[in-house]
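Visitor: What follows is a predicted protein model with its sequence.
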Protein chains: 2
Amino acid sequence: MRIHIQNPPDDPAFTVTPDMWDEAAARAGAGGHRVSFADTADGFAAAIGGAEMLVGDKDVLRPLLPAPAPALRAVFVTNAGVDNLAPFDWLPPGAVLLNNRGTHAAKAGEFGIMAILMLASAIPAMVTDQRDGIWRKRWGHSVAGRRLTILGLGTLGGAVATHAARLGMRVTGLRARPAPHPDCAAVLGADRIDEVLPETDALLLACPLTPATRGVLDRRRIGRLGRAAGVVNIGRGALLDQEALCDALDAGLLSGAVLDVFEPEPLPAGHRIWRTRNLIVSPHTAADDPATYLPRSLDIVFENLRALAAGAPPPNRVDPARGY
Amino acid sequence: MRIHIQNPPDDPAFTVTPDMWDEAAARAGAGGHRVSFADTADGFAAAIGGAEMLVGDKDVLRPLLPAPAPALRAVFVTNAGVDNLAPFDWLPPGAVLLNNRGTHAAKAGEFGIMAILMLASAIPAMVTDQRDGIWRKRWGHSVAGRRLTILGLGTLGGAVATHAARLGMRVTGLRARPAPHPDCAAVLGADRIDEVLPETDALLLACPLTPATRGVLDRRRIGRLGRAAGVVNIGRGALLDQEALCDALDAGLLSGAVLDVFEPEPLPAGHRIWRTRNLIVSPHTAADDPATYLPRSLDIVFENLRALAAGAPPPNRVDPARGY
């Protein structure tokens, strides 16, 4: 297949090199693909006309699409969330959109359980005390036996569930289409969130941003959480009402929040979130590990190439109607 | 046996009640002990003359000892570290000192692995950026395959080693008397620390404070750590040279530090540590979980009572010569 890889113009840590590609091809035992690389608009224009698969970061590809690409069968974006590519009308007819789900499991899983342990040890409040220069004992607790609710049981949520179950947490999963999960005591439909929130010690948002999930943790639902509950968001900023969350934290409700995603990003200078009490800001880096990101992404590209060659449904296909 | 429990005068979260004692006795299947409770100096004076075992927090007991206690066979302090009770000349002749090692495993183990994950995700640096109101991507990494060095493989260090090994870290233990540990790839004598520091991604201090360990992480050894290495201290503040650590962090060396213990405590207002970059302050709460602390402590008291009754060495005996 003819594959074009569009790299970012200025980000060596996220640039696919020919050597990286060859190593991934060797791991996959797959040769014979013709691959082009570019990091400029001119390079893209020269390659896209003949490309059957296009690979690149969504923020790199978005300004370049739509483009005349009569041979294109698949677009692989090296991101998991594709919300800001919707609607998908730029996708050439007959081409499938593939995302990078699966790549982020290891790092995001570790970040998620770290954030839950930080809430259990009151780290967000301690960081606020530190900012104020105040020594104040805040007793934490072991997470064993505590109740974790995870909204979204995909790659990210599933990886966190596994870590949490190992530490003895009681995990409830919420998802659009519930199905049993080995690390969850229960998996319920996402529409049952109101029942679960009052029984939650830690709430993890790990679902894609779609019209159905936008603002899912609204002011009313934040009010259903217990006073000692904590919130982690590794999905997308717009899943929650940021103002309502800041109001609750500034009022001393909730035990804290660890947020990796915001609306908008970058979080503007002077934004209220920077100074909200008992809240920790991570700059949308939870799921990425440059040391393993590109090799793992290319392994997933090859899994999907194999499926396409066999006429099978590629495992990372995004359903434009669902948005993930 | 006649047991006297001296509670703190003003800390309900750490007060042993008669009900708690009875529940622990039931768990242990041990009846027949005569128990007194007090939270004042007068109550102590009335009970100590006949007590065969004394139980209490070291900061509660210290001002009350030595005391005329001719029947005393054992003093159980509800703390793990007994460094500030040394020298142990206040201990009545013939009485053994017992500490509370074992109680802190669950909470301290979770705190330790949390802190190591925080270093891997650059949380201390992100918190500094947040204080400055700056959005700056800092890429972290999964801890799998990374090298953790733990100084002290007792209850705390051992619990962290178990979590770290589960996450695929390569753990090297350092201890005074090395012996194989199931969760460590290697256990070396503490005198080999200089060899290990340059090969360390994360360094955890989890040993008791003794004349041999005071200042063990001095300025020279901090200089042997790699630029991307991080430091966690859940032992005692005086294990490390705080000024040297702050100098390194302020110079942009090391990836960060998560400290639960300080010299002195409480950390004084205006102390440099409050504002040092890439450093997180936890107010000596890492190992304590009020929800489980007292029941677990009493279970350990009963284990030691059983040994004393059988004429066996009590498992929590402190060796005054070693200091732990």
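Guide: Right, received. Where do you want to start?

Visitor: tell me which parts of the stretch 101-250 of chain A are close to chain B?
Guide: Within the stretch 101-250 of chain A, the residues that sit near chain B (Cβ under 8 Å from any Cβ of the partner chain) are A:106-107, A:110-111, A:113-114, A:117-118, A:120-123, A:126-127, A:129-131, A:133-144, A:166-167. All C-beta spots, glycine's among them, are computed from the backbone N, C-alpha and C.

Visitor: Pull up the gap between A:Asp289 and chain B, please.
Guide: Separation of A:Asp289 from chain B (Cβ to the nearest Cβ, to the nearest Å): 5 Å.

Visitor: on that earlier part again, just the buried residues of the residues of the stretch 101-250 of chain A next to chain B.
Guide: Neighbour-count burial (16 or more other Cβ atoms under 10 Å in any protein chain shown) is assigned, among these, to A:106-107, A:110-111, A:113-114, A:117-118, A:120-123, A:126-127, A:129-131, A:135, A:138, A:140-143, A:167.

Visitor: how does chain A divide up, domain by domain?
Guide: A:2-103+A:288-309, A:105-281 (automatic domain parsing).

Visitor: Take those domains and write them to TSV, including mean pLDDT and distance to B:Gly215.
Guide: TSV is the format used below for the domains of chain A (pLDDT from 0 to 100; distance: least, Cβ to Cβ, whole Å):
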stretch	mean pLDDT	distance to B:Gly215
domain A:2-103+A:288-309	93	34
domain A:105-281	97	23
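
Visitor: Look at A:Leu298 and say how many residues are nearby.
Guide: By other Cβ atoms under 10 Å in any protein chain shown, 24 other residues sit near A:Leu298.

Visitor: And A:His104, by the same measure?
Guide: 25.

Visitor: A:Lys58 reaches A:Leu85, doesn't it?
Guide: Yes: A:Lys58 is in contact with A:Leu85 according to Cβ atoms under 8 Å; the separation is 5.5 Å.

Visitor: Find residues that contact each of these two.
Guide: A:Val77 (Cβ atoms under 8 Å, 6 or more residues apart in numbering or on different chains).

Visitor: got a list of what the residue of chain A positioned farthest from its centre touches?
Guide: Using Cα atoms, centre = their mean, the residue of chain A lying farthest from its centre is A:Trp135. It sits 35.3 Å away. Going by Cβ under 8 Å, 6+ apart, A:Trp135 touches A:129, B:265-267, B:269, B:283.

Visitor: Not including adjacent chain positions, what is the nearest residue to the spatially most central residue of chain A?
Guide: By Cα atoms, centre = their mean, the mean C-alpha position of chain A lies nearest to A:Gly235, the distance being 4.9 Å. Among residues not flanking A:Gly235 along the chain, A:Leu205 sits closest, at 4.5 Å (Cβ to Cβ, 6 or more residues apart in numbering or on different chains).

Visitor: Report the beta-bridge partners for that neighbour.
Guide: On the basis of DSSP bridges, A:Leu205 is bridged to A:Leu151, A:Asn233.

Visitor: I'd say it and A:Gly230 touch.
Guide: No: between A:Leu205 and A:Gly230 there is no contact under Cβ under 8 Å: 11.8 Å.
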